[in-house]
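Q: Using only what follows, build the 3D model:
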Amino acid sequence: MLNLKSKLTDYTEGEFFRFLQEFYEDTDTNALPDDEFDDYISTLAKHFTEVVNHPKGNALIFHPSTCGINDSPEAVIQELKRWYAEQGLPCFKG
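A: Reported below is the predicted structural model:
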């Protein structure tokens, strides 16, 4: 399980990439029973919404085509970096 942090700026880009991989990759959490896996993904989705201030929220993960991005953790990272820079806000630690 991941160590969830309280703000996006507490994550390095690499740490947040690892967090995003839980949504995309066949990770060790896929061995969880269905209900536990659903709860785990719901917890991660809620956390994403809490730490990311992007107006599209977790649609960046679950509906990327409606956000104009590819369906990948790399695309989410690039969009976050673009949007935060556009807003003049810090994004990732370091």
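
Q: only C-alpha atoms for contact and neighbour calcs from this point on.
A: Noted.

Q: what's the burial count for Phe17?
A: For Phe17, the neighbour count with other Cα atoms under 10 Å is 16.

Q: Look at Ile69 and tell me its secondary structure.
A: coil (DSSP: H, G, I helix; E, B strand; the rest coil).

Q: And the pLDDT at it?
A: Per-residue confidence (pLDDT) for Ile69: 98.

Q: Now do the same contact list for it.
A: Contacts for Ile69 (Cα atoms under 8 Å, 6 or more residues apart in numbering) come out as Leu60, Ala75, Val76, Glu79.

Q: Counting neighbours, which of these comes out on top?
A: Neighbour max across the contacts of Ile69 (other Cα under 10 Å) = Leu60, 25 neighbours.

Q: Now do the contacts for that one.
A: Leu60 neighbours (Cα under 8 Å, 6+ apart): Cys67, Ile69, Val76.

Q: For the first one, grab the count of nearby residues.
A: Think Cys67. 15.

Q: Nearest residue to it in space, please, no chain neighbours.
A: Leu60 (6.2 Å; Cα to Cα, 6 or more residues apart in numbering).

Q: Now whichever strand or helix holds that neighbour: buried residues?
A: Using DSSP states H and E, Leu60 sits in helix 59-62. For helix 59-62, the neighbour count (16 or more other Cα atoms under 10 Å) marks Ala59, Leu60, Ile61 as buried.

Q: pull the CA atoms of that helix into PDB?
A: What follows is helix 59-62, C-alpha atoms only, in PDB (Å, rounded to 0.1, in the frame of the first residue of the first chain):
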ATOM      1  CA  ALA A  59     -11.800  12.800 -14.700                       C
ATOM      2  CA  LEU A  60      -8.100  13.100 -15.600                       C
ATOM      3  CA  ILE A  61      -7.800   9.500 -14.600                       C
ATOM      4  CA  PHE A  62     -11.300   8.000 -15.300                       C
END
